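In: okay, here's the prediction I keep looking at, along with the sequence it came from:
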Amino acid sequence: MLFKTIDEIKEFWPVPVSDNIANVKPFIVQAERDYIIPAISQAQYTTLSNAYNVITPSLSPALTKLLEKVQAALALYAYYLWIPSGQLQISDSGIRIATNENLKTAFQWQIDDLQRSVIKQAGSAMEDLLAFMEQNKADYAGWSGSSAYTEFKDCFIPSAIVFTNCYSALGYSRLNFLAIRSHMKKVQETTIQAELSPEFYAVLKNQNTTNTLSDKNKLLIPYIQKAIANLTMANAFTTLAVTINENGILNFNNTGNREAINAKQPSAPSMISKLELQAQKDGETYIQILKDFLKANITDYPVYASSTAYNSETTDTYFKNDENQTGYVAML
């Protein structure tokens, strides 16, 4: 475990929920298992934990910096996990809420707001941790040589920060970023690969994963990222509008809660459709810009130039002739 004392936790989690580390240990352990280890890899976690959990820690400067970044995220994820049970007193006599003549339990909307705030802060800390590790990956071989790193670099858009820079409505939310990541991979592996050709796509993806992008190929990444972000949202809007759990597929709606303030309800289907159409249009526009750029600089991209995805006469792929089609079509 990457915390030893309550005082350490309070550096990142100022709320005095307990004076005993044992009372919050289960939440720290779960946060490490569910959030930290999948992100930094078991190998890197073990290296950090072994250096930290000795009688006299002797962390290298690199591990000292990593510990601080990890603890910032870990404390918040543990806090997020603690909140639901933190309002309760559980004993052999049952489950009760804590209250007295001066204090009473917070309203549910206040607890929900707190959880949303904490998980957003935790996601921000995780984004900062991953960006730091990427910038200093030579110091963290356990991570850079792991499947966690391969997964991190598997997409041309590696983080909520980069995604939001391409599509601002995501709002830097790591939760939303993770929720739409499967859509992003689908867009990347289908639409982007088809437009660039499997051969050229493989070159770009390999260089992106290994951080060996050529100067010419680096120029393509912003166009690719903007296309992926918009096409991903066109695919993901419907998914974000629902929650899937053991009770089924649910629409979020808190308007029936008498204690709720600033109540929100699901967007109307017509609004979601407009957002989908606009995102699809913008994504296709960025693909066209990308292909126009490739055509204008075709000698710099021989792998693409020799592929079937490249047409020296036109780069517009959205109105293609069908060689099996007969007759004429006129648009008036």
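Out: Thanks, I have the structure now. This structure is a prediction, so every number in the text was calculated from the model and none was measured.
In: quick check: Tyr201 touching Gln193?
Out: Yes: applying CB atoms under 8 Å, one finds Tyr201 in contact with Gln193, separated by 4.2 Å. Just so you know, the C-beta spots here come from the backbone N, C-alpha and C atoms, and that holds for glycine as well.
In: who has more neighbours out of those two?
Out: Neighbours were counted for Tyr201 and for Gln193 using other CB atoms under 10 Å; Tyr201 has more, 21 against 18.
In: now do the same contact list for the more buried one.
Out: Contact partners of Tyr201, counting by CB atoms under 8 Å, 6 or more residues apart in numbering, are 192-193.
In: surely it is in a helix?
Out: Yes: Tyr201 forms part of a helix when assessed by DSSP: H, G, I helix; E, B strand; the rest coil.
In: would you mind extracting the C-alpha trace of stretch 153-164 into PDB?
Out: Extracted as PDB, the C-alpha positions of stretch 153-164 are listed here (Å, rounded to 0.1, in the frame of the first residue of the first chain):
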ATOM      1  CA  LYS A 153      -0.400   4.600 -26.500                       C
ATOM      2  CA  ASP A 154      -2.800   2.400 -28.500                       C
ATOM      3  CA  CYS A 155      -4.900   5.400 -29.700                       C
ATOM      4  CA  PHE A 156      -3.700   8.600 -31.400                       C
ATOM      5  CA  ILE A 157      -5.600  10.400 -28.600                       C
ATOM      6  CA  PRO A 158      -4.000   9.200 -25.400                       C
ATOM      7  CA  SER A 159      -5.800  11.400 -22.800                       C
ATOM      8  CA  ALA A 160      -8.900  13.400 -21.900                       C
ATOM      9  CA  ILE A 161      -6.800  16.500 -22.200                       C
ATOM     10  CA  VAL A 162      -5.800  15.900 -25.800                       C
ATOM     11  CA  PHE A 163      -9.400  14.800 -26.600                       C
ATOM     12  CA  THR A 164     -10.900  17.900 -25.000                       C
END
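In: ok, and what's touching that stretch?
Out: 123, 127, 130-131, 134, 152, 166, 170-174, 176-177, 181, 184-185, 188, 192, 204-205, 208-209, 211, 221, 224-225, 228-229.
In: ok, stretch 120-139 next?
Out: Residues outside stretch 120-139 that contact it (CB under 8 Å, 6+ apart): 35, 39-40, 62, 65-66, 69-70, 72-73, 76-77, 79-80, 140, 143-144, 149, 152, 158-161, 172-175.
In: extract the C-alpha set from it and format it as PDB.
Out: Taking Å, rounded to 0.1, in the frame of the first residue of the first chain, the C-alpha atoms of stretch 120-139 are listed here in PDB:
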ATOM      1  CA  LYS A 120     -13.300  14.700 -11.400                       C
ATOM      2  CA  GLN A 121     -10.300  15.700  -9.300                       C
ATOM      3  CA  ALA A 122      -9.100  12.200  -9.200                       C
ATOM      4  CA  GLY A 123      -9.300  11.900 -13.000                       C
ATOM      5  CA  SER A 124      -7.300  15.200 -13.300                       C
ATOM      6  CA  ALA A 125      -4.600  13.800 -11.000                       C
ATOM      7  CA  MET A 126      -4.500  10.600 -13.000                       C
ATOM      8  CA  GLU A 127      -4.100  12.600 -16.300                       C
ATOM      9  CA  ASP A 128      -1.300  14.600 -14.700                       C
ATOM     10  CA  LEU A 129       0.400  11.300 -13.500                       C
ATOM     11  CA  LEU A 130       0.300   9.700 -16.900                       C
ATOM     12  CA  ALA A 131       1.500  12.800 -18.700                       C
ATOM     13  CA  PHE A 132       4.400  13.000 -16.200                       C
ATOM     14  CA  MET A 133       5.300   9.400 -16.800                       C
ATOM     15  CA  GLU A 134       5.200   9.800 -20.500                       C
ATOM     16  CA  GLN A 135       7.500  12.800 -20.300                       C
ATOM     17  CA  ASN A 136       9.900  10.800 -18.200                       C
ATOM     18  CA  LYS A 137       9.300   7.300 -19.400                       C
ATOM     19  CA  ALA A 138      13.000   6.500 -19.500                       C
ATOM     20  CA  ASP A 139      12.900   6.600 -15.700                       C
END
